[in-house]
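1. Give me the fold of what follows.
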Amino acid sequence: QVQLVESGGGLVQAGGSLRLSCVASGISFSINAMGWYRQAPGKQRELVAAVSSVGATNYADSVKGRFTISRIDAENTVYLQMNSLKPEDTAVYYCNTVMWHNLRPLFDSWGQGTQVTVSS
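-> Predicted coordinates:
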């Protein structure tokens, strides 16, 4: 059973930083690409950052240069360092696997997410 537990969200002023964490269980973490997705009110969920099993990364244009994704396989954990936050980054953030060829999740199983709110 896939279990994904996100944490680290909060309320921050524009220009501030947050670090999100996600611990995964029930999957072969080290062989899977992992990603951070977000869903803002009234919008579809979108992938913002992904890291492959060998450390290659992929970022949405909207977050390039501001967000950094990383992973520690020994801890089954993926991180998202978010700097220079903008009000448009406000969303619920989720982690999940990523299929590298189409950047969609391998599993349709989601955690509770963590809310990020950026005030102007």
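2. and S30, helix, strand or coil?
-> helix (DSSP: H, G, I helix; E, B strand; the rest coil).
3. I'd like the distance between the closest residue to it other than its chain neighbours and V116.
-> Spatial nearest neighbour of S30, chain neighbours left out: D73 (4.2 Å); criterion: Cβ to Cβ, 6 or more residues apart in numbering. C-beta: built from backbone N, CA, C; applies to glycine. D73 sits 25 Å away from V116, going by Cβ to Cβ, to the nearest Å.
4. which one of the two has more residues nearby?
-> Shown here are D73 and V116; by other Cβ atoms under 10 Å, V116 has more neighbours (22 against 13).
5. Correct me if wrong: the more buried one contacts Y94.
-> No - assessed by Cβ atoms under 8 Å, V116 is found out of contact with Y94, at 11.0 Å.
6. what sits in contact with each of these two?
-> R38 (Cβ atoms under 8 Å, 6 or more residues apart in numbering).
7. if we can go back for a sec, tell me how far the residue nearest to S30 lies from S52.
-> From D73 across to S52, the span is 12 Å (Cβ to Cβ).
8. Strands of this structure, start to end?
-> Assigned by DSSP state E, the strands in the chain fall at 3-7, 10-13, 18-25, 33-39, 46-51, 57-59, 67-72, 77-82, 91-98, 114-119.
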